[in-house]
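>>> need the 3D shape of this:
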Amino acid sequence: MSKLISSLITELRRGTLTLAVLSQLRTPQYGYSLVQLLEKSGVSIDQSTLYPLLRRLEKQELVESSWDTTESRPRKYYVLSEYGIEILEQLKDEWEKTTNELQTLLKGDVENAPD
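As a prediction, the model looks like this:
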């Protein structure tokens, strides 16, 4: 794969990873469980990408975190905040709209596109 296409794919995926991560945080998840859930759906994400993303989402108040220290190894769990649920719904609507628009463009059927 050329450097250019690799760079363009990375750029394309950047926003979709945020939506993918938010979509899996309706129930509390810790980092590794989140990676597994995403990979099971075909979405690969490196931990070096995931943890900074989770910290950013927490700073934006879209997710909340808490530590579970009941196990031998403490785990930090993340879950959508009320605000995060609202934002996820808005992003999903925008994703569906954008996907439909792009499908129309990529099929070359612009003349018959809905107004």
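>>> and residue 113, what pLDDT?
pLDDT, residue 113: 56.
>>> now swap in residue 6 and tell me
pLDDT, read off for residue 6, is 89.
>>> which positions within the helix ranked longest in the chain qualify as buried?
Determined from DSSP state H, the single longest helix within the chain is helix 82-107. By 16 or more other C-beta atoms under 10 Å, the buried positions in helix 82-107 come out as 84, 87-88, 91. Any C-beta I mention is one placed from the backbone N, CA and C, and that applies to glycine too.
>>> same question for stretch 9-22.
Under 16+ other C-beta under 10 Å, the buried positions of stretch 9-22 are 17-18, 20-22.
>>> return the subset of those residues lying in helices.
17-18, 20-22.
>>> tell me which two in those residues are the farthest apart.
Among these, the pair separated by the greatest distance (C-beta to C-beta) is 17 and 22, at 9.6 Å.
>>> find residues that contact each of those two.
Common contacts of residue 17 and residue 22 (C-beta atoms under 8 Å, 6 or more residues apart in numbering): none found.
>>> make CSV out of the buried residues of helix 82-107 and add pLDDT.
Shown next, in CSV, are the buried residues of helix 82-107 (pLDDT from 0 to 100):
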residue, pLDDT
84, 98
87, 97
88, 97
91, 96
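>>> quick one: distance of the helix or strand hosting residue 64 to the chain centre.
In this assignment (DSSP states H and E), residue 64 forms part of strand 63-68. Mean-position distance between strand 63-68 and its chain equals 18 Å (C-alpha atoms, centre = their mean, to the nearest Å).
>>> so what does it touch, helix or strand wise?
Here strand 63-68 touches helix 47-59, strand 75-80, going by 3 or more C-beta pairs under 8 Å, 6 or more residues apart in numbering; DSSP states H and E.
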